[in-house]
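Colleague: Next input, structure requested:
(one chain, ligands or ions: 1)
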Amino acid sequence: MPNAYISGTGFYVPPRVVTNDNLVADYGIETSNEWIVKRTGIEARRFAEEGVGTADLAYEASVQALERAGLTIADIDMIVFATLSPDYAFPGSGVLLQRKFNVAELDPPKFIPALDVRNQCSGFLYGLATAASMVQAGGCKHVLLVGAETHSAALDLSTTGRTVSSLFGDGAGAVVVSATDEDRGLRTWTLGADGRHAEELCQKVWDIKKRPFMNVDADGNGVVPPEDMWAHMNGRLVFKNAVQWMIVSLWKVCEEQGIGPKDIDLLVCHQANMRINQYVQQQLGLPDEKVVHNIDRYGNTTAATIPILLAEAERDGKLKPGMKVALVGFGSGFTWGAAILDW
Ligand SMILES: CC(C)(COP(=O)(O)OP(=O)(O)OC[C@H]1O[C@@H](n2cnc3c(N)ncnc32)[C@H](O)[C@@H]1OP(=O)(O)O)[C@@H](O)C(=O)NCCC(=O)NCCS
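Modeller: Residues are numbered from 1 along each chain as shown. Predicted structure coming up:
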């Protein structure tokens, strides 16, 4: 069985920076830089312009990841696309990304299969387990795995929605998961879910149990009430469960590998809240230089946080071959996961 390793990383964030002060000045939200920084560590996020979609962000990150892996799209055997803000309700963003690469024009054409993963902030970890399993089973040599989000289109950017809208930003991260006979790569992973809390962090938009799936006015237009249109979050419950499951998952993968937290060279946490990650870091007893963050600059980019961090850490020289890397995340569902890689 081949090992599965990350052969290339890439990331893209849209150029428009929206600071906490911009939320007040440009959107009229009753909040403050102090409030947001103190509770979350977020100072700014990026918002994509109208007309830019999730597959567009993913494409930029994917081009970089392929380049750094020394591959072209023709080498890719599968696309795995993790997002909670897909371009359309259906089809998934994976096929839109595939289309942007003009695979039908390749000689010969390569109709790369594309799979969307709907596991929110844990999407990248669910995608990594899927991609690596495909590679280890021999079904694929190279899988393009992307986490990308365009949150800005679906945030209630008013005071009513501030608890959620001050947290999220747009961005994309991509990796290529490749087969290798070398003794490196993904060593172990764990995934979990607790569907009892599905509605505690949830954006319904429509309800398929309704007939039809959304209200319709006299002119035949769909009408979505605000409580369905915007995401709902029970912040305290999310915080409590995030801390608990991230720590449990990390201990589990460490135990499986027969290592302790002190053996981890780099901890890459999903970026939901700096306070959550500081607590996890503290419980594991890891020094600051072994942990990377970007929540201050990008906010929570959901499925994109971990691959963006990996790409940034590699470029900054903080992630080098041979390092033992731990990944961990938690999000809506609730869902969570962790993994250990020898980079
Ligand atoms: C969102 C979070 C920062 C809110 O902090 P909190 O201390 O739990 O705050 P609460 O939601 O209880 O709200 C407290 C008050 O602050 C207000 N508030 C919420 N967001 C605000 C903002 N951006 N600016 C100013 N005030 C805000 C609330 O309206 C509330 O006011 P009230 O007491 O007058 O009703 C915190 O719960 C959290 O980070 N949870 C985890 C969220 C997360 O990680 N989500 C993504 C998971 S992948």
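Colleague: can you pull out the strands in the stretch 101-250 of the chain?
Modeller: 114-117, 142-149, 171-180, 185-193, 201-202, 215-216, 222-223, 232-233 (DSSP state E, counting those that start in this stretch).
Colleague: and the angle for the third one with strand 185-193?
Modeller: The one in question is strand 171-180. Angle of strand 171-180 versus strand 185-193, following axes from the mean of the first three to the mean of the last three Cα atoms, to 10 degrees, is 130 degrees.
Colleague: hmm, back to that, can you tell me which of the strands of the stretch 101-250 of the chain is nearest to Val268?
Modeller: Each of the strands of the stretch 101-250 of the chain has some distance to Val268 by Cβ to Cβ; the shortest is strand 171-180, at 10.8 Å. In this view, the C-beta of every residue, glycine as well, is placed from N, C-alpha and C.
Colleague: Identify each buried residue in that closest one, please.
Modeller: For strand 171-180, burial by neighbour count (16 or more other Cβ atoms under 10 Å) applies to Gly171, Ala172, Gly173, Ala174, Val175, Val176, Val177, Ser178, Ala179.
Colleague: related to what we said a few turns ago, output the strands of the stretch 101-250 of the chain as TSV; include the columns distance to the ligand and mean pLDDT.
Modeller: As requested, those are arranged in TSV below (distance: least, Cβ to the nearest ligand atom, whole Å; pLDDT from 0 to 100):
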stretch	distance to the ligand	mean pLDDT
strand 114-117	15	98
strand 142-149	11	98
strand 171-180	15	98
strand 185-193	14	98
strand 201-202	6	98
strand 215-216	27	95
strand 222-223	26	96
strand 232-233	6	96
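Colleague: can you redo the ones you listed as TSV with distance to Ala4?
Modeller: Conversion of the strands of the stretch 101-250 of the chain to TSV gives the following (distance: least, Cβ to Cβ, whole Å):
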stretch	distance to Ala4
strand 114-117	16
strand 142-149	8
strand 171-180	5
strand 185-193	5
strand 201-202	30
strand 215-216	46
strand 222-223	43
strand 232-233	34
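Colleague: out of those strands, deepest packed?
Modeller: strand 142-149 (a mean of 31; mean count of other Cβ atoms under 10 Å).
Colleague: what does this protein put close to the ligand?
Modeller: Residues of the chain lying close to the ligand by Cβ under 6 Å from any ligand atom are 31, 35-36, 39-40, 121, 162-163, 166-167, 233, 235-236, 238-239, 242, 272-273, 300, 331.
Colleague: Now list the buried members of these.
Modeller: 31, 36, 39-40, 121, 162-163, 166-167, 233, 238-239, 242, 272-273, 300, 331.
Colleague: Keep only those of the residues you listed that are in helices.
Modeller: When DSSP state H is applied, these are split such that Ile36, Arg39, Thr40, Arg162, Thr163, Val238, Phe239, Ala242 fall in helices.
Colleague: Now render the residues you listed as JSON lines, adding pLDDT and distance to Leu267.
Modeller: Compiled in JSON lines, these are given as follows (pLDDT from 0 to 100; distance: Cβ to Cβ, whole Å):
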{"residue": "Ile36", "pLDDT": "98", "distance to Leu267": "24"}
{"residue": "Arg39", "pLDDT": "96", "distance to Leu267": "22"}
{"residue": "Thr40", "pLDDT": "97", "distance to Leu267": "19"}
{"residue": "Arg162", "pLDDT": "98", "distance to Leu267": "30"}
{"residue": "Thr163", "pLDDT": "97", "distance to Leu267": "27"}
{"residue": "Val238", "pLDDT": "97", "distance to Leu267": "20"}
{"residue": "Phe239", "pLDDT": "96", "distance to Leu267": "19"}
{"residue": "Ala242", "pLDDT": "97", "distance to Leu267": "15"}
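Colleague: Between which two of the residues you listed is the distance greatest?
Modeller: Arg162 and Ala242, at 19.9 Å, using Cβ to Cβ across those.
Colleague: my read: Tyr298 touches Leu167, true?
Modeller: No - applying Cβ atoms under 8 Å, one finds Tyr298 not in contact with Leu167, separated by 11.0 Å.
Colleague: Spatially central residue in this structure, please.
Modeller: Residue closest to the average C-alpha location in the chain (Cα atoms, centre = their mean): Ala303, at 1.2 Å.
Colleague: Where does that residue sit: helix, strand or coil?
Modeller: helix (DSSP: H, G, I helix; E, B strand; the rest coil).
Colleague: got any ranges where the stretch 101-250 of the chain has weak pLDDT?
Modeller: Scanning the stretch 101-250 of the chain for pLDDT under 70 picks out nothing.
Colleague: from it, which residue is nearest to the ligand?
Modeller: Per Cβ to the nearest ligand atom, Gly235 is where the stretch 101-250 of the chain lies closest to the ligand, at 2.5 Å.
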